[in-house]
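Student: Okay, predicted coordinates and the sequence, questions at the end:
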Amino acid sequence: MLKADTYKRKTFKHNHHRLFMLKHLSIFLFLAFALILLSNVAFAQSNVPDVGEGECVPVNPSTGEYDPSFCDNNYNQVNYTTGEKSEDQTKECSSPIERDCNSECQQFFNQCSYTGPRNCNLDCQHLPSYPTYEKEACINRCVADDSAARDAYYDCLDQPNSGEYCVNNCLADVQKSEDDYQTCLAENKKKSENITIPSSNAFYALNEYETVWKNGTENESYPEMLPVIKNYYKIAGCPTLSPTRDAWSAAFVSYIMNKSGINFPVSCTHTNYFKQIQDTPGDCKTYPMSQKEKIKTGDIICRCSGSNCNIDYSNIVVGKESHCDIVTDRSGDSISYVGGNRWSRKLCGDDTSVGCTVVKTNDKPISDLPSSYFGFISCGSVENQSEPPVQPFPSICPSLFILAVSVAFFFSLKRK
């Protein structure tokens with residue numbers, strides 16, 4: 001009997017010690033996992049992945065919250081405003097080249113000449129008119145000869161061995177160098193000042209108007225502008241056209257769109273690229289003017305022109321006279337737009353049908369656009385940006401499970 005009581009006491013003491021240890025272990029586990037749970041909930045926004053030293057931490061500095069879209073896949077910081085990497089945002093701009101084009105091309109000069117225009121009435125005034133009409137015949141021959149001489153002169157200027165051709169190519173190189181320099185400066189300014197440019201083609205169109213055409217004060221006939229327009233023709237695929245005889249507004253639009261890096265069917269005819277986009281839309285799509293309320297910065301608005309001004313959006317005829325401009329800004333119901341080969345009384349004269357420069361129209365109400373406008377082109381892919389990834393909620397299920405088990409075990413011991 002004594003042995004049995006002694007055994008019971010030892011067993012009770014041993015079991016009591018085990019229960020005491022398990023009870024305190026349960027309390028410890030309860031407190032430990034409660035602390036883990038609280039830290040997971042309280043600091044969920046700080047749950048960011050490990051990165052190497054000097055690499056971007058995916059945290060928005062303005063809010064202090066976890067934001068995986070703040071870094072790219074290589075942990076380079078991304079600028080929210082421009083959508084570009086913050087590293088190497090600006091680049092060194094090479095100074096424009098300086099060349100004495102006249103001296104370089106001196107050997108090619110004096111090969112092309114034109115003494116006109118001739119005063120045919122004066123040249124033929126000594127001849128009788130009625131009844132033989134010799135004077136009229138003389139005037140007709142004079143006008144034809146003068147026209148042929150003028151055409152031959154322009155054809156000569158376009159030849160590779162002419163002085164004018166040499167100078168134009170030289171000036172084109174100088175102008176391209178200046179354009180690249182100005183564009184580089186403008187892009188650096190945009191990045192350094194963190195300016196939001198909603199559409200790259202609007203930015204380049206405005207930059208072309210301000211820096212190359214000096215806010216619309218340059219004329220197509222100025223020697224320094226001839227290589228500029230020839231470069232438009234070259235980009236648009238019609239390098240043989242003449243800047244002073246042929247329209248270049250479509251080439252201007254094509255040049256800007258090409259420079260912007262947009263997938264655009266360049267052409268020297270507005271209806272040509274409009275029809276191509278209408279038939280095979282891609283990055284760019286066409287819309288009728290019945291949806292003009294959707295016009296935004298960077299869009300291309302198009303209208304008919306000429307004496308027979310009538311273009312149907314549903315039946316675009318390639319080759320019909322037309323004109324398009326690039327929208328550089330939209331504010332409320334008003335837009336500003338830039339276009340090439342447009343009319344300016346100061347530079348082009350009184351004939352409104354003759355364009356000679358780049359013009360910017362400011363704050364034109366969309367509702368006031370005339371019926372001659374037949375549609376617009378919108379290249380929406382320029383502004384599309386990927387949505388930032390959804391922030392994952394911290395994984396707390398394992399902690400909750402262990403905490404629940406600890407609580408259950410603690411209360412089961414307490415009942416004992």
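Tutor: On my side now, so go ahead.

Student: going forward, measure contacts between C-alpha atoms and count neighbours the same way
Tutor: Will do.

Student: And the strands in the stretch 251-400 of the chain?
Tutor: Secondary structure of the stretch 251-400 of the chain, counting by DSSP state E, counting those that start in this stretch: strands at 285-288, 300-304, 322-331, 334-342, 357-365, 373-378.

Student: any chance of these in CSV, with distance to Arg99, mean pLDDT and mean neighbour count too?
Tutor: Compiled in CSV, these are given as follows (distance: least, C-alpha to C-alpha, whole Å; pLDDT from 0 to 100; neighbours: other C-alpha atoms under 10 Å):
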stretch, distance to Arg99, mean pLDDT, mean neighbour count
strand 285-288, 43, 97, 18
strand 300-304, 36, 97, 23
strand 322-331, 33, 95, 24
strand 334-342, 27, 96, 22
strand 357-365, 25, 96, 19
strand 373-378, 40, 96, 22
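
Student: Between the ones you listed, which one is closest to Leu226.
Tutor: Using C-alpha to C-alpha as the criterion, the shortest distance between Leu226 and those is 11.4 Å, found for strand 357-365.

Student: how about JSON lines for the strands of the stretch 251-400 of the chain, with distance to Cys101 added?
Tutor: Conversion of the strands of the stretch 251-400 of the chain to JSON lines gives the following (distance: least, C-alpha to C-alpha, whole Å):
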{"stretch": "strand 285-288", "distance to Cys101": "43"}
{"stretch": "strand 300-304", "distance to Cys101": "36"}
{"stretch": "strand 322-331", "distance to Cys101": "33"}
{"stretch": "strand 334-342", "distance to Cys101": "26"}
{"stretch": "strand 357-365", "distance to Cys101": "24"}
{"stretch": "strand 373-378", "distance to Cys101": "40"}
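
Student: Go through those strands and name the closest to Val167.
Tutor: From the strands of the stretch 251-400 of the chain, taking C-alpha to C-alpha, the stretch that ends up closest is strand 357-365, at 21.0 Å.

Student: tally of neighbours for Gly298?
Tutor: 29 (other C-alpha atoms under 10 Å).

Student: Let me see the backbone angles for it.
Tutor: Per-residue torsions, Gly298: phi 100, psi -10 (degrees, to the nearest 10).

Student: Okay, Lys275 and Phe376: tell me how far apart.
Tutor: Distance check for Lys275 against Phe376: by C-alpha to C-alpha, to the nearest Å, it reads 11 Å.

Student: Check Lys214 too.
Tutor: From Lys214 over to Phe376 the distance is 27 Å, taken as C-alpha to C-alpha.

Student: per-residue pLDDT, Ser129?
Tutor: Ser129 carries a pLDDT value of 86.

Student: swap in Leu185?
Tutor: According to the model's per-residue confidence, Leu185 sits at a pLDDT of 82.

Student: contacting residues for it?
Tutor: By C-alpha atoms under 8 Å, 6 or more residues apart in numbering, the contact list for Leu185 reads Cys93.

Student: which stretch of helix or strand covers it?
Tutor: helix 163-192 (DSSP states H and E).

Student: Do me a favour and average the pLDDT over whichever helix or strand comes after that helix.
Tutor: Past helix 163-192, further along toward the C-terminus, the next helix or strand under DSSP H and E is helix 200-207. Within the predicted structure, the mean pLDDT of helix 200-207 is 90.

Student: list the helices and strands helix 200-207 packs on?
Tutor: Packed against helix 200-207 by the contact rule (3 or more C-alpha pairs under 8 Å, 6 or more residues apart in numbering; DSSP states H and E) you find helix 163-192, helix 249-259, strand 322-331.

Student: Where do the helices of the protein begin and end?
Tutor: When secondary structure is read from DSSP state H, the chain shows helices at 2-42, 101-104, 120-123, 134-157, 163-192, 200-207, 226-236, 249-259, 270-279, 345-348, 397-415.

Student: From the rest of the structure, what touches the second one?
Tutor: In this case it means helix 101-104. Identification of contacts with helix 101-104 by C-alpha under 8 Å, 6+ apart yields Cys166, Val167, Cys170, Leu171.

Student: and the last one, how many neighbours?
Tutor: Put plainly, it is Leu171. Leu171 has 23 nearby residues by other C-alpha under 10 Å.

Student: shouldn't Asn231 be in contact with Ala172?
Tutor: Yes - contact between Asn231 and Ala172 holds when scored by C-alpha atoms under 8 Å: they sit 7.2 Å apart.

Student: any residues in contact with both of the two?
Tutor: By C-alpha under 8 Å, 6+ apart, Asn231 and Ala172 have no common neighbours.

Student: Quick one, which of the strands of the stretch 251-400 of the chain gets closest to Gln107.
Tutor: strand 357-365 (31.5 Å).

Student: between that closest one and strand 334-342, how big is the angle?
Tutor: Between strand 357-365 and strand 334-342, the angle comes out at 160 degrees (axes from the mean of the first three to the mean of the last three C-alpha atoms, to 10 degrees).

Student: contact partners of strand 357-365?
Tutor: Judged by C-alpha under 8 Å, 6+ apart, the contacts made with strand 357-365 from elsewhere in the structure are 209, 213, 215-220, 331, 333-344, 347-348.
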